[in-house]
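Engineer: Quick one: sequence plus predicted model below, questions after.
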Amino acid sequence: MDVTPEYCQMMAKYNAWQNSQVRAACEKLTEAELRADRGAFFGSVMATLNHVLWGDTLWMSRLEGGAGPAVTAQNHADICPTFAVWSQERSRMDQRILQWADRVKDADLSGDLQWHAVMLGKDMAKPMGLCVVHMFNHQTHHRGQIHAMLTGLGRDPGDTDLVLMPEGKSWH
């Protein structure tokens, strides 16, 4: 699978744009609305927000070698105790992903990525391109769940179509 630096840059910008819209919609929620079980895979809006952040932290540690999640996989839904903390950490992670995408070279995206999957208890090796696509797909998948929960709460999380992403806006 050929993944280019341009793909990484586009998807990093898309991720930051979408997270800014989700953040704006969630800022209007009460604590009870954030934490209520909405029948999604991780239950609540807050748990799903935390899951995406935890996953991004894990994948970025694998892709760039930086810090990984501060909590175990079993505690991923509690990585940030409050929405305010999540908002700060989400902004930091979006910047980390954008900076990685700006630095990544074609050679960085070739070959296999190797890691130890703690939850599976085994060593893994997958094509780097597949791992990058997975990280961005994982974000989009779970943000779709958040989008549905927000829509169900009568909030407008905004457009999600990649072709509607504002051009010329810097997400840095």
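Structural biologist: Ah, there it is. Numbers count the residues shown, from 1 in each chain.
Engineer: By residue count, what's the longest helix in this protein?
Structural biologist: Using DSSP state H to define each element, the chain has its longest helix at helix 128-152.
Engineer: So which elements touch it?
Structural biologist: In terms of contacts (3 or more CB pairs under 8 Å, 6 or more residues apart in numbering; DSSP states H and E), helix 128-152 is packed against helix 5-26, helix 45-64, strand 112-117. Where C-beta positions appear, they are placed from N, C-alpha and C, glycine not excepted.
Engineer: can you redo these as a markdown table with mean neighbour count and mean pLDDT?
Structural biologist: Below are these laid out as a markdown table (neighbours: other CB atoms under 10 Å; pLDDT from 0 to 100):
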| stretch | mean neighbour count | mean pLDDT |
| --- | --- | --- |
| helix 5-26 | 19 | 97 |
| helix 45-64 | 21 | 97 |
| strand 112-117 | 12 | 94 |
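Engineer: and residue 135, which of the ones you listed is closest to it?
Structural biologist: If you check each of the helices and strands packed on helix 128-152 against residue 135 by CB to CB, helix 45-64 wins as the nearest, at 4.1 Å.
Engineer: Downstream of that closest one, the next helix or strand is which one?
Structural biologist: Per DSSP states H and E, helix 45-64 leads on to helix 83-103 as the next helix or strand towards the C-terminus.
Engineer: The longest helix of the chain to helix 83-103, inter-axis angle?
Structural biologist: 150 degrees (axes from the mean of the first three to the mean of the last three CA atoms, to 10 degrees).
Engineer: buried ones in helix 128-152?
Structural biologist: Across helix 128-152, burial judged by 16 or more other CB atoms under 10 Å covers 128-129, 131-133, 135-136, 138-140, 142-143, 145-147, 149-150.
Engineer: TSV for the helices and strands packed on helix 128-152, including distance to residue 74?
Structural biologist: Below are the helices and strands packed on helix 128-152 laid out as TSV (distance: least, CB to CB, whole Å):
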stretch	distance to residue 74
helix 5-26	24
helix 45-64	11
strand 112-117	14
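Engineer: do you know which of those lies nearest residue 170?
Structural biologist: Comparing these by CB to CB, helix 5-26 comes nearest, at 8.7 Å.
Engineer: Quick one: list the elements packing against whichever helix or strand comes after that closest one.
Structural biologist: Using DSSP H and E, the helix or strand that follows helix 5-26 in sequence is helix 31-35. Secondary-structure packing of helix 31-35 (3+ CB pairs under 8 Å, 6+ apart): helix 45-64.
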